[in-house]
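Peer 1: how would this look folded up:
(one chain, ligands or ions: 2)
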Amino acid sequence: MLAHLLYGAIRLPLWGYVAFTVATVQLMFLGITLYLHRDQSHGGLVLHPVLRHFFRFWLWFCSGTVTREWVAVHRRHHAYADRPGDPHSPVVFGLQRVMLQGYELYVAAARDQKILANYGRDTPDDWLERNLYSRFPKAGLSLFVVLELVVFGVPAVTMIALQLMAQPFAGGVINGLGHRLGYRSFEMPTSATNIVPWGVLIAGEELHNNHHAFPSSPRFAVQRWEIDMGWLVICVFRALGLARVGSLAPTPNIVHDRTRMDLDTVRALFTNRMHVLRDYRCGVIGPVFRELTKQESTALLPRRAPQLLVRHPKLLDERARQQLRELLERYEVLRTVIEFRDRLQRIWEEMSASHGRALEQLRELCVQAEGSGILALRKFALRLRSYAPAAGSESSH
Ligand SMILES: [Zn+2]
Ligand SMILES: [Zn+2]
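Peer 2: Ligands and ions are numbered 1, 2, ... in the order given. Prediction:
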């Protein structure tokens, strides 16, 4: 009788409690990343209505999350990433606050009716949502706690504590560390990072830099060596006819024997511009800087010089911008490579006016790069020609 009270209806070995807790938490993470994030927030994934409802129920049941609130706060994060107005940016609020008080920041934004009205569109508004999920958001969680206590008894206390901490913890990690620690494959005006290349603990959300670079892509892994657990599950759902996906982050189609630059090249470069900029950073700025350090006293080069040269200017504070200006004034070779990068980006910004003009400008840029006397820049200019449209999409130009 006492054992029954202590251990509830079902007594498991220790590994059983661990496995059950891990399974429920992972199911919650999948609900967040697949349903709330990739499907509802960005639309790059369309889950079968049964799956959508299952995840909506599960998130209500084990975390009390309301779809419209989560989606609105998240879309707002993308719209204002790392600027005032971002609901949970470590750049705005400080890393410690986002890590430790992330849930409070989320709740404050979720209660903001303007955010809900502007960013919460096209989320569920059916009878169940109005009369149960949104109306009694904590009822599911209460039921979850009581059921788990009845079924597992005292061990459930630890399990429930872990399950309840998992979502705020994961939120703090992604919104805090995912904008601070890790590596940046793509440069853009947000500080988002890929925390680790294997997104297996938080279902792929770890690849946050890739996600900010290609927000509507339902696949977060971009490099061959990255793993997105959420995407692997999507592949299973697709095979079962339970999910459809929109366009994925582009993969450059490199054709080495393309010798001339034409309108197809212009379009391919534009589509893959994030990859082109990454190539420029790794293949031009990096080698040129390393060459410079061999010739120059390192005392003249600030320690953060590599970062200053590659970071998006909007992410640099006034002191960093001043250091960058001094660096570029002192070294012509650095000035040249940064100017080339900026010209390339300007061509893309103005490209919508005329593709023909963009082609002319790109050809001119390549001629100048080849005559610059900077080996890395010359090689890059040659590589630009090898960007081809994705297989099957070549036009007749
Ligand atoms: Zn972010
Ligand atoms: Zn997102």
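Peer 1: Identify each buried residue in the helix or strand where residue 309 lies, please.
Peer 2: Counting by DSSP states H and E, the element that carries residue 309 is helix 305-310. For helix 305-310, the neighbour count (16 or more other Cβ atoms under 10 Å) marks 305, 306, 308, 309, 310 as buried. (Each C-beta comes from the backbone N, C-alpha and C, glycine too.)
Peer 1: Hmm, the third one is touching residue 328, no?
Peer 2: So the one you mean is residue 308. No - between residue 308 and residue 328 there is no contact under Cβ atoms under 8 Å: 9.3 Å.
Peer 1: what residue ranges in this protein score low on pLDDT?
Peer 2: 1-2, 298-299, 392-397 (pLDDT under 70).
Peer 1: just checking, what packs against the lengthiest helix in it?
Peer 2: Counting residues, the longest helix found in the chain (DSSP state H) is helix 155-175. Applying 3 or more Cβ pairs under 8 Å, 6 or more residues apart in numbering; DSSP states H and E, we find helix 155-175 packed against helix 14-30, helix 49-63, helix 95-100, helix 102-110, helix 139-152.
Peer 1: how about these, which one is nearest residue 221?
Peer 2: When those are ranked by distance to residue 221, counting by Cβ to Cβ, first place goes to helix 14-30 at 15.9 Å.
Peer 1: Now do the closest one against helix 139-152, angle only.
Peer 2: Inter-element angle recorded for helix 14-30 and helix 139-152: 170 degrees (by axes from the mean of the first three to the mean of the last three Cα atoms, to 10 degrees).
Peer 1: who touches helix 14-30?
Peer 2: 12, 55, 58-59, 62-63, 152, 155, 158-159, 162-163, 166-167, 170, 202-203, 205, 230, 233 (Cβ atoms under 8 Å, 6 or more residues apart in numbering).
Peer 1: The stretch 201-350 of the chain: helices as residue ranges?
Peer 2: With helices called from DSSP state H, counting those that start in this stretch, the stretch 201-350 of the chain shows them at 208-213, 229-239, 263-271, 273-280, 286-295, 305-310, 318-330, 332-349.
Peer 1: care to break this protein down by domain?
Peer 2: Annotated domains of the chain cover 2-245, 254-388 [automatic domain parsing].
Peer 1: ok now the first one, how far from the chain's centre?
Peer 2: Taking the mean of its C-alpha atoms, domain 2-245 sits 14 Å from the chain's own mean (Cα atoms, centre = their mean, to the nearest Å).
Peer 1: Likewise for the shortest one?
Peer 2: Distance of domain 254-388 from its chain centroid, counting by Cα atoms, centre = their mean, is 24 Å.
Peer 1: Take the contacts of helix 14-30 and, keeping just the buried ones, write it as a PyMOL select command.
Peer 2: Applying 16+ other Cβ under 10 Å to the contacts of helix 14-30 leaves a buried subset, and the PyMOL line that selects it is:
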select buried, resi 55+58+59+62+63+152+155+159+162+163+166+167+170+202+203+205+230+233
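Peer 1: show me the contacts for residue 198.
Peer 2: Contacts of residue 198 (Cβ under 8 Å, 6+ apart): 206, 226, 227.
Peer 1: Could you rerun that using 10 Å?
Peer 2: 204, 206, 207, 221, 225, 226, 227, 228, 229 (Cβ atoms under 10 Å, 6 or more residues apart in numbering).
Peer 1: What of residue 109?
Peer 2: 69, 72-74, 76-77, 85-88, 115-116, 119.
Peer 1: Name only those of those that count as buried.
Peer 2: When these are checked against 16+ other Cβ under 10 Å, the ones flagged as buried are 69, 72, 73, 74, 76, 77, 86, 87, 88, 115, 116, 119.
Peer 1: could you dump the residues you listed to TSV with secondary structure and distance to residue 139?
Peer 2: Below are the buried ones among the contacts of residue 109 laid out as TSV (DSSP: H, G, I helix; E, B strand; the rest coil; distance: Cβ to Cβ, whole Å):
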residue	secondary structure	distance to residue 139
69	helix	16
72	helix	21
73	helix	21
74	helix	24
76	helix	26
77	helix	27
86	coil	31
87	coil	25
88	coil	26
115	helix	24
116	helix	20
119	helix	25
